[in-house]
Structures are given as C-alpha cells and as structure tokens.
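In: Need a 3D model of the sequence below.
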Amino acid sequence: MSRAPAAADAAGPPDAADPAAEQDTQAALGPDPRAAYREALLTLAAADPRVICLDSDTGGLENTFGERFPERYINVGIAEANLMTVAAGLARRGFIPYVHTMAAFATMRAGEFLKLDVVGNRLPVRVIATHGGVSAAHFGTSHFALEDLAVTRVLADLAVVVPGDARQIGAAVGQLHELPGPGYLRLGRSATPAPPGPAPGLLLGRARVLREGADVTLVAAGPLPLLFALEAAEVLAGDGIGAQVLDLHTLHPVDRDGLLAGCRGRTGVVTVEEHRPQGGLGDAVAEVVSAELAVPLLRVAVRGRPGTRVADQRTALEAHGVSTGAVVDAARGLLARAP
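Out: Numbers count the residues shown, from 1 in each chain. Predicted structure coming up:
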C-alpha cells in the first residue's frame with residue numbers, strides 16, 4: 001500500500017511561479033506548524049529519555065528526530081491501528097510515546113485502538129494529528145479530517161488541544177507532556193497567517209480572550225477560524241458592534257468558567273471551526289453555555305460535501321461556509337433578531 005500524497009507532502013508544496021511573490025507570501029505567515037512541533041519534540045526528547053517517537057511514514061521525522069535520537073525513533077509504516085497498539089505497549093513499559101499520523105487516520109482508521117488501547121487504559125500517549133480539517137485539501141477527500149474532534153472530544157480522559165497559532169505549539173507540547181493521561185494535539189499542514197500581536201501564551205484548559213467586546217462573542221479554535229474571527233471583529237467594529245474573540249484552544253477539558261464569563265451578557269455567540277457542525281467546537285460551547293445562559297448560538301462550520309477539486313486550505317474552507325464574511329453575517333443576524 002502506498003501513501004503517495006504523504007511522500008509529496010514531505011517535500012512541501014510546489015515552488016511558486018514567482019519566487020519574489022512566494023517570499024512576500026511567506027513573510028505574512030506564521031511558523032510552519034509541523035516544523036514548530038518537531039523543534040519542540042526534539043527539545044523535549046533531549047530533556048526526557050522516556051520520549052519515544054512513533055512514525056507512520058508521515059515524512060520529515062526520520063530526518064529530524066530519527067537522525068538525532070535513532071534509538072528512540074520507530075517507523076511502523078502505514079499501519080495506524082498498529083501504531084496505537086505499539087504506543088500503548090511502550091507506555092505500559094514506562095515510556096512516553098509520541099505517535100504521528102494525519103488526523104483523518106488517527107481518529108477514523110485507528111479510532112478503535114485509540115479508544116481501547118490508549119484512552120481505555122489512561123496511558124500517557126500523545127497523538128500528534130497533522131493535516132487537521134481541510135489543510136490537506138489538495139490531497140482530496142480521503143485526507144480531510146472534519147470529524148476528528150467529535151471523535152476525540154467524547155473520549156474520557158483524553159486532552160484535546162487545537163492551537164490557534166503555531167507560536168503556541170511549543171507551550172502546548174510541554175504542557176501535554178506533563179499530563180498523566182493521553183493527549184490529542186491537532187495541527188495543520190502548512191503555515192497560515194499569524195494573528196496580530198506578540199507571541200501568545202497558552203494554558204491548557206483555559207480560554208484566551210484576544211479581543212474585548214460587549215455585544216457578541218466569537219469563539220474560535222484553530223488557526224484560520226481564529227483569523228476569520230479576528231477579521232470579522234474588525235469589520236463589525238466598523239459598524240459600531242463590539243465583538244469579543246475567544247480562543248478556545250482546549251476542547252477537552254473545556255474551560256467552563258471562561259466560556260460563561262465570555263458569553264454572559266452578550267446578544268449572541270458565534271462559534272468558528274474547521275470541522276463539521278456536529279460534535280466539534282460548536283457543540284462543546286453549546287453544551288456549556290446553553291445549560292446556564294439564555295444566549296442564542298450560531299455555528300460557522302464546514303457545510304455540505306467538500307469535493308475533490310484541488311484547492312488550498314483557505315479556499316476550501318471559504319467554499320464550504322467558513323470565512324470572515326460568514327462570521328460577520330452570523331453576528332449581524334444574531335443582533336438583528338435580538339428583542
């Protein structure tokens with residue numbers, strides 16, 4: 001069985017026709033999420049000999065972790081179910097395995113083994129799921145991960161983290177490492193525009209307020225959803241509407257107190273996610289907010305059935321309902337129907 005897309009992915013995207021334009025584009029982007037993660041993993045492994053890197057032919061780890069710590073690098077090949085089982089066995093022996101595959105395969109192909117072997121035994125396995133959402137849109141529908149958060153969020157004792165900024169990845173890895181049980185870290189494939197401002201802090205289980213606003217609350221998870229929420233808040237400000245922006249990077253355990261504080265007294269709440277409407281961020285927020293507050297909530301999420309047309313991540317998202325304009329329209333709609 002071949003994973004041709006992964007091999008191509010290891011080399012990165014094709015060169016741009018205009019190198020100067022490519023440099024300008026890169027200058028506007030934040031760090032590459034996979035590169036930022038690999039750097040954090042190397043730092044962690046240097047400090048803790050229990051760290052084991054388990055690969056599934058994802059491409060790149062063999063040239064970074066594998067070269068520096070060859071005795072702690074294991075490539076199980078394209079066998080994601082086996083990947084989880086091997087990780088569980090190593091964790092039982094006192095190691096802290098970091099397993100690497102794409103989000104679609106970590107949760108759908110290997111979901112049973114993640115549930116039974118890893119989470120069911122509360123083992124300290126860290127699942128690093130790359131290509132989250134539609135960040136592998138150019139590979140086609142087999143690589144979309146639009147259900148993974150619904151799967152992982154309901155697994156008890158599994159920490160679920162979706163950094164909204166690649167500059168948060170190092171902190172997320174370090175804090176996940178200290179947890180006694182399993183963790184799921186969802187990353188994208190390529191660099192995305194960095195949110196404005198200095199490198200943000202991150203505390204697992206605590207929502208971050210990125211912008212204050214008294215009229216409506218925008219709750220986002222993931223790099224592009226967070227960017228769309230911030231862009232929408234700027235547009236709404238031009239209409240005299242104050243939109244608070246919350247970065248809910250930890251979907252489990254969710255920050256109940258932070259969510260209630262951020263949504264209380266607002267006309268409505270809009271959630272923004274790179275996921276289907278069912279089971280992801282929108283449902284996580286609704287479960288908390290609707291239990292205590294009489295505040296309407298609208299979900300901006302991936303709708304319909306994404307096709308096989310090759311597209312970049314942002315284009316694919318915008319074509320299926322997740323965009324700055326969609327967030328603005330949802331917020332205005334909530335305000336328009338308020339009594």
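
In: all strands for the protein, in order.
Out: Taking DSSP state E as the criterion, the chain carries its strands at 51-55, 73-75, 96-102, 126-130, 159-161, 183-186, 208-211, 216-221, 243-247, 250-252, 268-273, 297-300.

In: Single out the most deeply packed of these.
Out: strand 216-221 (a mean of 30; mean count of other C-beta atoms under 10 Å). C-beta coordinates here come from the backbone N, C-alpha and C atoms, glycine included.

In: gap between the most centrally placed residue in the chain and residue 215?
Out: When the chain is reduced to its mean C-alpha position, the closest residue under C-alpha atoms, centre = their mean turns out to be residue 162, at 3.3 Å. Distance, residue 162 to residue 215, using C-beta to C-beta, to the nearest Å: 26 Å.

In: returning to that earlier point: any chance of the strands of the chain in JSON lines, with mean pLDDT and distance to residue 83 too?
Out: Formatted as JSON lines, these follow (pLDDT from 0 to 100; distance: least, C-beta to C-beta, whole Å):
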{"stretch": "strand 51-55", "mean pLDDT": "97", "distance to residue 83": "6"}
{"stretch": "strand 73-75", "mean pLDDT": "96", "distance to residue 83": "9"}
{"stretch": "strand 96-102", "mean pLDDT": "97", "distance to residue 83": "5"}
{"stretch": "strand 126-130", "mean pLDDT": "97", "distance to residue 83": "9"}
{"stretch": "strand 159-161", "mean pLDDT": "98", "distance to residue 83": "18"}
{"stretch": "strand 183-186", "mean pLDDT": "98", "distance to residue 83": "14"}
{"stretch": "strand 208-211", "mean pLDDT": "94", "distance to residue 83": "32"}
{"stretch": "strand 216-221", "mean pLDDT": "98", "distance to residue 83": "25"}
{"stretch": "strand 243-247", "mean pLDDT": "97", "distance to residue 83": "30"}
{"stretch": "strand 250-252", "mean pLDDT": "97", "distance to residue 83": "22"}
{"stretch": "strand 268-273", "mean pLDDT": "98", "distance to residue 83": "26"}
{"stretch": "strand 297-300", "mean pLDDT": "98", "distance to residue 83": "32"}
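
In: Now render those strands as a markdown table, adding distance to residue 34.
Out: Compiled in a markdown table, the strands of the chain are given as follows (distance: least, C-beta to C-beta, whole Å):
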| stretch | distance to residue 34 |
| --- | --- |
| strand 51-55 | 13 |
| strand 73-75 | 16 |
| strand 96-102 | 9 |
| strand 126-130 | 6 |
| strand 159-161 | 15 |
| strand 183-186 | 11 |
| strand 208-211 | 23 |
| strand 216-221 | 19 |
| strand 243-247 | 21 |
| strand 250-252 | 21 |
| strand 268-273 | 21 |
| strand 297-300 | 26 |
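
In: burial of residue 41, as a residue count?
Out: 24 (other C-beta atoms under 10 Å).

In: isn't it right up against residue 173?
Out: Yes - taking C-beta atoms under 8 Å as the definition, residue 41 is a contact partner of residue 173 at 6.6 Å.

In: of the strands of the chain, which approaches residue 37 most closely?
Out: strand 126-130 (6.5 Å; C-beta to C-beta).
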